Structures are given as C-alpha cells and as structure tokens.
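Peer 1: coords below, sequence missing:
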C-alpha cells in the first residue's frame, strides 16, 4: 500500500541539492531582459511620455509603451474559461496602460541585453501625469462623484447576495440579536520565488512562455486573449515553482513577456519581478470588511444570520468579485440556522490588485465569523465550544445553494482532539483570575472549506501514464507541483492503484501545454481530489490493460489475477505468477501482440467535498507592550483520508505559520495622501520567520470522503484559515479585550488596552 | 487535401535561420566534457596503461579505463529487442576495452571541465600494447589459425543461406551460365552532424542521455543493457538531428556517456566525436563481395541464380550479419526464376565496425546484381532493358520466404519513363561507334526495396494527438525527424485525416522516451508507412471523437457530418455547420461534458511493401585520365502515393548524390600493415560536394500501395541504391570495359583501360 504512507517527497533530493531548475535557472541563448516602467502616482493619466533617452542607451533593444500594445482589454484571473459571458472574468486590463490605477502601474517596458541595462533605461524614461487623489477605502470608492477607476463601473467590480429562509421573521423571533463589524487587511503571498517568466517563439512559431505559474493551461488562454491570437498559437511551460499561494493563479507576467518577444522577432525575453514589484504589481489578498448580525436563542441554537461584506480589489479586477462571493459560501456552510442572508460588494481602489490567496476569501470571513461566534457565546454565557458544536453542519447536511452534500465531517472529533491537545479544561481553570502585565489566554476557531470549485467552476484534470518495458511508469499530469507535494502524492496514487512499488513510479515534473494532459492547475485545494481522480482512473486503466495483456500471455482470466507489489499474482491464493516486468517486456516486444501500455485520461469532477477543522491556541499577551506570544498552537484537520501524513503535516505547518502572520504581523500599508505603498519589501513588511514561529501541532481526524479518489478532500488551503480568529479569541480570553481587526499588532493592542483601562 | 501536396518543411524556417537546436546547441549548467583515449594499433591488447599524468592535469574530473567498466558485454545495433535469444543482436562490446579490435578502439575516457583540457589529458595517457597483424580481408579472417578478434567466433559474426527450387537441376537445364565477382568498399555516412550526446541524472534519478540519435527508445534499452540497470531508469531525449543515414541507428556514444555521468554524480557530461572519430569509431557501410552465377535461356528468361556474399564487419558486430542477410532478400525479390540460392557470411576484421547505412546491404547487392544482369544481357545479345523487363517480379508476386506480396509495382513504367527522360533510343543510336579519348555511354539499373523490417523485425510506431481549445492540434510521435522530412509529412497526414488545414497542425519535434509514444525510430524507410499508420489511426480517433462531441452539441448524428478544412459540415450537402474550434472550445470548457479530445495510439505493422525504381544515366569518360563525368542522371521511383512530392524529390536528390559518390569517389582506406585508417577526414575522403553533383532528375510513377496508410511505401533509402550500377553500366557502354568494383576511381579506370588496350 502506497497511499497513506509518509514517503519522502519525490522532488526532495533535487530541491535540497539545488539541482531542481526553476525559471531563472534556465538559460537560453540570446536571452534578452525586460524591465517595466511603473507609475509614480496611484491614480491619474500619463499626459506625456519620453522614451528617447532610454532608446538611445547602448544595449537597449526596444522600448514599448501603452501606445504600442493592443487596444482590447483582457482578464488575468486563473479561472477556467467560461462560455457564459456572465461568468467570464472581468477583462479590464491592457498590456501597458496610459490610465494609472495604482502606484506602480505598468506604463512602458524596456528590452535590453541584460537586466542592469534594462533597469538603467527604465530610469531614463520620463513621464508627466495628471494626478487624482487616490481611492483607498470603500467609502471613497463609493462616494458620490468619485472618479471612476474603470470608466462606467462606479468603482464596483461586482456584487452578489443570497437569502435563504425568512430572515426578517427569524430575527424577530430570536431571544438575542448581536451585531458587530470586522476588518481584515491587505497582505501579500510572499512566495520564495518572485513572479518570473521568459518567452520566445518556438519551432512551431508558437509564442512560448516558460513561467513560474500554478496554471499553465489557463495562462496559455489568457496570453492568447491578451495578444488577440488563437490560443493554440501559445504554449506555456512550467518548470519547478518556488511557491504560489494563489498569486501565481493569475497571469501576472505572462501576457506582457509574451508580447515582448514578438517585438524582438521571437528572441527569448526574460521578465523577472523584484520583491518590491511582486508586492505591488502581482496580487494581494483582499482586505474585506464584514458587518455580521446574528440571532440566537437562549439554548444556544443559531436562528438567523446576516452578513454584509465590502471587499477592496485594487486597481484591476483579477479574480474580481468571486473571492467575496466565496466568503459567503463558507459563512453559510459551517453552521446551520433557519434563515441566512449574505450581501457583498467588491470595489476598485487605487491599490495593488487583489486576487486569489490561500483560502480564497475564507480566512477573512472566518476571522469575522469565528470572532463573532466567540463573542456571542460569551454574551449569552454558553461555553463557546459547546455553542459551536450545537450549530455545526453535520454529515448528511446539504447546502441548499450549491447542492453540495456533507459526505464526511470530523469537525466535532477535531474539536475534542484540540481540547485534549491543548489541555483546554485544565488550562481554563488555571488561567482564571489572572492579573499583572503578562496574561495568558486560550482560544479556538473552526473553519469549513471546499475541495475544488464545483459547481461554480469547471473542474477538469488529466493524467497520462506510460509503462516502460521494465514495468516502471511515468505519470504525466497537467496539474502543477508548486511546493505543496502534489507530485509525490500522484506517484503514491499511481503506485497504489496499479499495484507497483513507489520506486517504479516517476513523475514528469514539468508541464508543457503542448503535450501535458489538460488541467486547470493548482488552486482551490483541488489537486489530490480532481487530478487525483484522473490519476486513479489512468492507473486503473493501466492495471486493467496489464492484466488483460497477462491474460493473453497466460490464458489465466484477468479477473483471476491481481497486481501486488510489482507482481502478477493469483487473486485467490496470492501466489506470484510473474513480475509485471515480464508483461511489460512482452507488451513492447512481442512481434505479433506488442502494444505498449499507456493511459490518457481526463476527469471532469462534478462533485465537491467540505473539509473541516479548527485551531486551538494558547497565547501570552504582554499588556504594556502589546506583544503577543503564541505558546502552543494546534491545527486539527478533517481532510478525509491522508495520502501522505508527513506532507499533510507540512501543509499544516506552512498554513498555520501564514495564519499567525495574518493574525499578528502582516499588512501592506499605503500613504493615504499618495497611495504609495510604504512597506513593499521584506525588511518593512513583517513576514513570519522561523524565529517567530512556535512549534506547530498538526493533527488529523481521518474520515473517509466518499467522493474523493482515495477518501481524501481539501488540505492545501485550510490550515491558513482558523489561526487568526483562534488567536484573537485567546487574546480576548487573556485580556477581556475584543480585537475585530487583523493584524493585531502591538500598536493596535496597546491603544485598545489603554482604552480598556488595562494600561 | 493535405496529403499529396508540396507543403514546405515544418522545420524549414527554424533550420535556415539557425534557431533549431541540435545537441551541441543546448547548454546545461556545470557541463563537463569527455574525450576518449583510443588505441594506436588495430589488433592486440593493452598490456599496461598509465593515467596518472592525465589525472593530475588541472581541470580533469575523472579518468576511467577498461578496468573501471562493467564486465558484461552489450549489443549496440538499433534493432527492437527480441525476446528470442537467437534473434538478439550480438553482445560483443564493453564500454571500454583492453582487447583492441580496431585502430581507435576505446580504451579509456577523460572527463574534464572543458573539451580542450579533456583533449590534453587524453594525450597524457600512456599505453603499452601487445600488437598483432591486422586482419583486413575475408581471407585473413578465415585463414587457418587466424587470431580470433572475438574469442570463440573463428572471426565469423554470422552466416545464412537459403535455397528455393532445385538449383542444380535448373542450372543444368539452362542454355547459358554466367558467373562473375563483384566488390564493394567501406564507406562512411558523413552526416553533417557528428555523433554527439550528453548525459546527466535527472530529477527522477534517471540517467538521461540527450543524443543525436535516430532511435531514442532503442538507445534507451541499449544504455540500460550496457550499464546493467533497469531500462526504465534510463531516459533518452532527441532534439533536432543533423543527419543519420543509419550510423545513428546504433548506440555509438550513448552507453559510454551515460556511464560517464554516473562517475561524476550525475553532472552533465558531453561526448562529442570529431569527424576523424566519427569515421572510425561510429559505423561504416559493410564492404561486401559477391560471387554471382546466373543461368539463363536463349529467350532471355532467368532460369536459376546463385550468390555467395562475404561481408566485412570490422571490430564489433553492430548490426552484425543482418545486413548481408538483407542483401539476399532483395537479390531474390527483384527478379523471378525457377530456382535460387544465396549464401552469405559476415566476418570480423580489424576495421571500423560496419552497421546500418542507407540501403542496408542493398546498394552492395544491387551493384553486383545489376552489373551482372547488364553483362548477361550483352553476352546473350538481348537488349539489357528488355532482359530486365522480362524477368522482374510483378504485382501479385509473393515472396516465398517472407510471404510479402507485391501489392503494387510500377517498375516497368519507371523504366519506360527513364528511357524517355534520358532519350535512351536516340542516344543509343548517336553513341554508336565512338572513338577518341572522350566517350559517352548510357546505362541503367533497377532496384527493389522493402518498407520496414516485417516479418524479420518488430514494427511498432506510436502517435499521440492533442487538440487545443481552438481546434488546432499537436502531433507527438516517437519516430524521429533526422532531416528526411518526416515531421512535415506526419503533419500533412494528421491534417488530411482530421480534416483541418496544415496551419492547425503542429509537431512536437523532440522525442523524450519518458513521454513520447513508443516507436523503434527512423530506419528501414519505415516512418511514413509504420508510424504514418499510427498517425492516421490517431487522427481518425480525433476525428471520430470530434464528430461524436459535435453530435452531443447539435443532435445531428456523427455519421451525417464530416470535417473539411477546419469546419464541421453536413456530409450530404457540404454545408458548413460550425468551425471545429467551436467543438474544441466546448470540449474544453463545457462544465458538464468537458473532455478535451486526445488520441494515443500504437501501431504494430505486420505488413510490408516493396518499393521499386531505377536509375538512368549518361556519362562521359575521359579515357586517358580515367575521369568520369555524369552528364545526365534520373532516378525514377515507384514509392506508391507521394505524401509530399517536393520532399520526395529531396530524398531522391540526396540519395542519388550519395549513390554517385558510392560509384565514383568514396572509400575508406587502411594501411595494410598497421590497419591504420588513411583518410578518415573530409579532406582526404572524397565526399560529393555541390561542385561534383550534376542536375539530378527525380521522377515518380505513383502507384497505390494497399498496405500503406495513404497508399505510400518506402522512399528514404531507395534513391541511393541504383546509381552505382547504372553508372558502371554506362561506363561499360562508353568504353566496353567492365568494372566490377566500386568506387570506380580514375586510378582503377586507367589501369583497366591500359589492360584493355584503350590507353
């Protein structure tokens, strides 16, 4: 059995030895380098641009501006294309722009023989602007007469609402009604590898983009749209990727670099963002504000809920309103009640464009919801854990909107486990009646998360398996390893289902849209579920073909045989008949019957599965300084059956670290007068380091998800969701002060502690 | 219609602009360079080797000798592996050797940081030998007590014979019996690109060889055999190849370079042969001598034939005896008679190893046979053309040994066409009674050639086709473009069968054994026939799936629709329903039915087809100097239906040029005392240049071959076969002097003219 075991990563050795090639490791002859000339205002127009000095610089091959690019707009979000215009992503961007919508907007680009020359040339470009005051808040965006960042939009990217049950009646009948407001901030993914790609025209005349992307097939389509050419004339290749977290679920650098190679007759052109550029010109997490209103009875049963969300999207739509819309889905699916209402709106602002980021709107809504749930429980004097347990959706519950059925739900067991791990009751007693400057508190928070995007989005994944003459196989997928370990679990799945040991399975680690099976890519915690099913189907086909071939060789019915550990065996006795290598060899070289065994499968997943879990945390708050130390933290997940427990724990460690940063440290700041980003670098933007990270407890309640290929469901994004509200609730527990905004920085804490009379 | 049209080469643009990447164009980080230390004797043993000085040279990473390589032997011939030991290639080679079997045998190898350092280090290696007299002739090889080049072989690589009918009786009943002896020489392929490869250990730990090879899948297996590892642990990648002609249907550099990378922990190691090394250490064409005996009746009907062949194989078996054996097949298949007998023997000598070369034994046997047929006709005073026409096998003839049926035969029409083109009868009359030093003559010769190797060898070919969302496709094959134009004709086939224009078809030009469909490679003029059938089958599957999908979209039965020029049309009226792009787009993005269209097909060809043709030539012979000028030359081919007439003509131009060189110029010479090659460079070895090449007439009689995917059959090798005997017969016509040996150099001509009293 290969599924369920902690095999080491198949890409571990090449990554730790530095042999793994990322985009910037690949050398092409005659490579040119591009740099972008960016706006130094956040809102306005370029009135005049002078590129003459840049063009004259020796080593500069070309300078292009907004005047030189196609006039049509294109979208950049990493969603499958939709044939339904109403469901298509917002096409609001040109390759380069005269209308400046954020500080650092892309106005011109230089192509030069090396990066330094390109950089120098960019500095020789002179632009004059007509500048408007930057729009940085929802209020400013919606103000009567506000300048439209995109004409005709009233600065609204999108909005949606749903209403289930008679909300007004439910509220009027409840024992208590609570309402509150929560704010989240703009943060960036900070993947180790910045956005980078290079493009050239290949042997077939295709514009080929080698990119650090989560979504090769989607990026191909977007490049086609951006350049206005047939999508089949584009090719995207993905080598190893140094992290994505959703920022690379967007075509950030690909369209421009694809355009630039056409300017230099197909010579390779590299475009590599600096860290500073990645902060402002790639994508960020939406800052979403929530107003929550909750009706509850004395017995602790939720009656009705209402939420209003306002999401700040930045200068361009990217994933647009779908993130705020998605936050409404898990708001609905974690707890049950009679009636519920959700309204949300996404607004253009003059800030970096917000897009997908690990959790896709759910870290925001769970910070609001799970903080609010804590407060409600405390207000009606019910144990907050009991309160949650009373109201969580259980197995068999069916979401009335998406029609997703909860097929497995280990959340209650996760909570029990979390209590045990943190020694909740013991600590609860110990921590009563604290005084002094340092106080400890414990908190917890839940989450629910979906696996893939069905039924909202298309969920397609592909796998091809090729058997060599020694019975070993290569697995080829269109899905992308971006550090999360998917290549390893796909190998385990193939080994498990075919019946061969792991060392007979190899992965084709690169994706190439010309030949890789079609897959929408790495996002939405979908890969082990959607692509995993494709791998399983392909592996089953390989097994069936192998046994059928063995039937031909032996005259033993295929159904009487099985494949175990690389051997063809009798199913009834387990007796070994011959190594699979013998079948493979014959399938290659039998002069009459040779037919090498392959399978090429597409899986179109029309199911979804909710994953659940929670965070339990103990913190120590230094009241005078506002410093919060996380003493113990546990994430407990129901991700269904684990394919690789060690890699699963790795996902949790990374996600919890990201969640702590979201709770306490991270926030991209802007000058309110100019819209200029103030801390778009890793010195000033406080990212978690190993020094800031406590030991993280990663625990699992293994359920069996019936729709998953191996009983598995989402795990990639969930770990990042619940740490922030759990920490907030622990700070509340320690100090009695409610914080309704992340990050909970020392400055914010001190201010509130002062107001509360603690200091 | 795309098949039958002269589309420009799909790789034309990148090749003429220099963008196409060959092995030596690809750069890898940390690349090391290897050079081979070669013997300076042709026969003997290394008694002592001192590598200490080489090892001490700065920049040298490793030096390995015969002491360091696996002790087991392996074969190198580019044949599919056979499970039948009797049919397996001769395994007579180690990676490096102590026993020296040819001048330049491979004794040690140096790996260094650059080529120059490797070269210098090789010169610092010192070896002492025990030297024997070289064996350079059949007589010496078979002499009683001759030193065995390979122990236990008696210097015989292989032998075979067949006898059909009562040969003795037939001979005894015939009106005339003729016999004669013919000799051919050792020549080399002289592809533009020398043998070159580099190897490294890839992300999956596979030994990966990037090689200029005709046979990636076979080379993989041979590397596995050479290193004694599972074949699936090896990966072979083939970029563009600068010519092969059979020399790269052999694992010449791959096994050693694969071994060398293991010595340096998987760092890339490049091994690039110089032209001098390619001449002696890759492969050459077998020098085969024939004794022919022919019984004929007064009416010009062949009664019985006998042939004895002795083939010189050089130091290692490579393709071994199969070339001499193959020459016996076409000897049998071109003409019919009551009884026939063929015996052949292949011998080890201390010369470069002979292997596959364009024509695979048939240029040799046709030189002998078609020269002899000319002489017999003249001796019995029948027009040589009439004599041939009386005796050629015709459509419906079935080879009694291979059971191949002649399904199409345009040879008679080819001959008629050749006579017309050369204005044969007119010239015949004009050229009677010439005198003086310069005399003209006309000659012709026929050939027959098979398409692929069935039933002797396995004939497997694969094709995978992937449709993009705009309806364009990529064609992926395991077969190799080596300059012959196969990538172009595969695109035409896919376009033709799917029903889309050529600009919607792209080829994946590289092969990678990890993912490319399994194919034995480029040889035996098999690709348009065997792999072409795989492409056709895959394209038919694409078409069927597309029409089925369109059925789902429209509810119009698939059978009522067709695909023409990229449109789905009504079959009955031709009316256009929708572009194929609409079907493709839906097959990618329909949220319920999406299933991108692909096909992954293996074709196991168990048919063969004989191709036929002839050369007509006029020469002018300068008797005092022995110089022969080819004034006019035509090759007329029955290759069945032509896929691309312009590329077909290109094959003929190249082949005829090679044939003229074989007739008049090319011969690798050896010092008879030492076995040292005397002209293993392009200065001393006389290769045809454009200055030597007359206008070449390429003409075709298009027949329809029922077993070919598009009515096509062999064309790759045939053009090189019949020029030599046709030129020989024209010289005879001009001078009355018979030459029974190629090349017919001025020196040989002058000697014979003197003997004949012409000088």
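Peer 2: It's in. None of these values were measured; they are calculated from a predicted model.
Peer 1: just give me the neighbour total for the nearest residue to residue A:93 once chain neighbours are set aside.
Peer 2: Using CB to CB, 6 or more residues apart in numbering or on different chains and skipping the chain neighbours, the partner closest in space to residue A:93 is residue A:316 (5.1 Å). From N, CA and C alone the C-beta is placed, and that goes for glycine too. For residue A:316, the count of nearby residues is 27 (other CB atoms under 10 Å in any protein chain shown).
Peer 1: mind checking the SS state of residue A:663?
Peer 2: Taken by DSSP: H, G, I helix; E, B strand; the rest coil, the conformation at residue A:663 corresponds to helix.
Peer 1: quick one: residue A:170 is in a helix?
Peer 2: Yes: counting by three-state DSSP, residue A:170 is part of a helix.
Peer 1: which pLDDT does the model give the residue nearest to it when sequence neighbours are not counted?
Peer 2: Distances taken as CB to CB, 6+ apart place residue A:304 nearest to residue A:170, at 3.5 Å, with adjacent residues excluded. Looking at residue A:304, its pLDDT is 98.
Peer 1: how about the contacts made by residue A:304?
Peer 2: Neighbouring residues of residue A:304 by CB atoms under 8 Å, 6 or more residues apart in numbering or on different chains: A:165, A:167, A:170, A:171, A:174, A:294, A:295, A:337, A:338, A:339, A:340, A:341.
Peer 1: same question for residue A:444.
Peer 2: A:384, A:385, A:415, A:418, A:422, A:424, A:614, A:615, A:616, A:617, A:726, A:729.
Peer 1: now it. Its backbone dihedrals?
Peer 2: Reported as degrees, to the nearest 10, the phi and psi values for residue A:444 are phi -150, psi 160.
Peer 1: what do you get for residue A:141?
Peer 2: phi -60, psi -40.
Peer 1: you'd agree it is up against residue A:349?
Peer 2: Yes: using CB atoms under 8 Å, residue A:141 is in contact with residue A:349, at 5.6 Å.
Peer 1: joint contacts of the two?
Peer 2: With CB under 8 Å, 6+ apart, residue A:141 and residue A:349 have common neighbours A:135, A:149, A:155, A:312.
Peer 1: the residue of the stretch 651-759 of chain A found nearest chain B: neighbour count?
Peer 2: Per CB to the nearest CB, residue A:707 is where the stretch 651-759 of chain A lies closest to chain B, at 16.6 Å. Look at residue A:707: counted by other CB under 10 Å, it has 21 neighbours.
Peer 1: now it, nearest residue through space, not along the chain?
Peer 2: residue A:607 is the one closest to residue A:707 (CB to CB, 6+ apart), at 4.1 Å.
Peer 1: surely that neighbour forms part of a strand?
Peer 2: No: read with three-state DSSP, residue A:607 is coil and lies in no strand.
Peer 1: sorry, back to before: and the gap between the residue nearest to residue A:170 and chain B?
Peer 2: According to CB to the nearest CB, to the nearest Å, residue A:304 stands 32 Å off from chain B.
Peer 1: swap in residue A:472?
Peer 2: From residue A:472 to chain B the distance is 3 Å (CB to the nearest CB).
Peer 1: what about the closest residue to that residue other than its chain neighbours, distance to residue A:585?
Peer 2: Excluding the flanking residues, the one nearest residue A:472 by CB to CB, 6+ apart is residue B:232, at 3.4 Å. Using CB to CB, to the nearest Å, we find residue B:232 at a distance of 11 Å from residue A:585.
Peer 1: of these two, which one has the most company?
Peer 2: Taking neighbours as other CB under 10 Å, residue B:232 and residue A:585 compare with residue B:232 leading, 26 against 19.
Peer 1: so who does that one touch?
Peer 2: Here residue B:232 is in contact with A:468, A:469, A:470, A:471, A:472, A:473, A:504, A:506, B:224 (CB under 8 Å, 6+ apart).
Peer 1: on the three-state scheme, it is what?
Peer 2: helix.
Peer 1: residues in contact with the closest residue to chain B within the stretch 251-400 of chain A?
Peer 2: Closest residue of the stretch 251-400 of chain A to chain B, CB to the nearest CB: residue A:266 (7.8 Å). Neighbour list for residue A:266: A:200, A:201, B:19 [criterion: CB under 8 Å, 6+ apart].
Peer 1: swap the cut-off to 6 Å and go again
Peer 2: A:200, A:201 (CB atoms under 6 Å, 6 or more residues apart in numbering or on different chains).
Peer 1: can you classify it by secondary structure?
Peer 2: coil.
Peer 1: thinking again about what came up before, name the element the residue nearest to residue A:170 belongs to?
Peer 2: Residue A:304 belongs to strand A:302-314 when assigned by DSSP states H and E.
Peer 1: which parts of chain A sit against chain B?
Peer 2: By CB under 6 Å from any CB of the partner chain, the residues of chain A that approach chain B are A:14, A:27, A:81, A:83, A:203-204, A:230-232, A:458, A:460, A:468-470, A:472, A:474, A:476, A:506, A:509, A:514-515, A:518, A:589, A:591, A:594-596, A:598, A:600, A:602, A:604.
Peer 1: surely residue A:112 meets residue A:59?
Peer 2: Yes: between residue A:112 and residue A:59 there is a contact under CB atoms under 6 Å: 5.0 Å.
Peer 1: so these two - more neighbours on which side?
Peer 2: Taking other CB under 10 Å, residue A:112 and residue A:59 do not tie; residue A:112 has more neighbours (25 against 15).
Peer 1: and the more buried one, what pLDDT?
Peer 2: Taking residue A:112 on its own, its pLDDT is 98.
Peer 1: and what of residue A:433?
Peer 2: With respect to pLDDT, residue A:433 has a value of 88.
Peer 1: separation between it and chain B?
Peer 2: 58 Å.
Peer 1: how far off centre is stretch A:117-136?
Peer 2: Relative to its parent chain, stretch A:117-136 has a centroid offset of 31 Å by CA atoms, centre = their mean, to the nearest Å.
Peer 1: equivalent analysis for stretch A:477-493, please.
Peer 2: Centre-to-centre, stretch A:477-493 and its host chain are 15 Å apart (CA atoms, centre = their mean).
Peer 1: run a quick neighbour tally on the closest residue to residue A:654 other than its chain neighbours.
Peer 2: Nearest residue to residue A:654 in three dimensions, chain neighbours excluded: residue A:719, at 7.0 Å (CB to CB, 6+ apart). Close neighbours of residue A:719, defined as other CB under 10 Å, add up to 31.
Peer 1: SS state for residue A:719?
Peer 2: Applying three-state DSSP: residue A:719 is helix.
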